[in-house]
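Engineer: turn this into a model:
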Amino acid sequence: MDFHALDAKHGMVYGLDSGTSELMVSDDRQSWDRLGQIAMADVTISPDDPDTVIVTTEDGAQLSVDGGGEFAVLGDAPVVMLADWARPDELDGVGPAGDVHSSVDGGQSWQEGATLGERPQAMTVAADGTVYVALEESIVVSNDGGQAFTLFYTWTAS
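Structural biologist: This is a model prediction of the structure:
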């Protein structure tokens, strides 16, 4: 297995096997159940329920409330490439061009935040709501829900 997206909460790990394009889940980190192929970029688990999962797709964020068995497009969710669900009802996502979005109602409505101006490489949201986004040559941070970002760390690509 070659995982390109992973999230772990509640003793469960969900991941995208890039070799087979399958969403997989494990409750023991030894054996994996195959949930099916889905064209996705990222996965995030609800902080309240291990069976509630969101994946990011070209059609927008998709929600499953049955542990990845079935997915449905999540309302008017924007197209985000990366997403994280660190606190109840608070979702954060970054689109392919670096457009930042957040939701405070479990993904039913979204607010547009900052525009980073380049493709994100990775993102995470800390327990306190601080948003970190890795770009090609830097990491930027937001303490206001993705409305503004400042430089956290930079390096020179070689």
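
Engineer: what sits against residue 151?
Structural biologist: Contact criterion CB atoms under 8 Å, 6 or more residues apart in numbering gives 138-141 as the residues in contact with residue 151. The C-beta positions use only the backbone N, C-alpha and C, and glycine is treated the same way.

Engineer: roughly how far is the helix or strand containing it from the heart of the chain?
Structural biologist: When elements are assigned from DSSP states H and E, residue 151 belongs to strand 150-154. Its chain's C-alpha centre lies 21 Å from the corresponding centre of strand 150-154 when counted by CA atoms, centre = their mean, to the nearest Å.

Engineer: tell me the confidence at residue 157?
Structural biologist: On the pLDDT scale, residue 157 is placed at 61.

Engineer: same deal with residue 48?
Structural biologist: The predicted local distance difference test score for residue 48 is 93.

Engineer: and the residue nearest to it when sequence neighbours are not counted, how far from residue 99?
Structural biologist: Spatial nearest neighbour of residue 48, excluding adjacent residues (CB to CB, 6 or more residues apart in numbering): residue 88 at 5.3 Å. Using CB to CB, to the nearest Å, residue 88 is found at 24 Å from residue 99.
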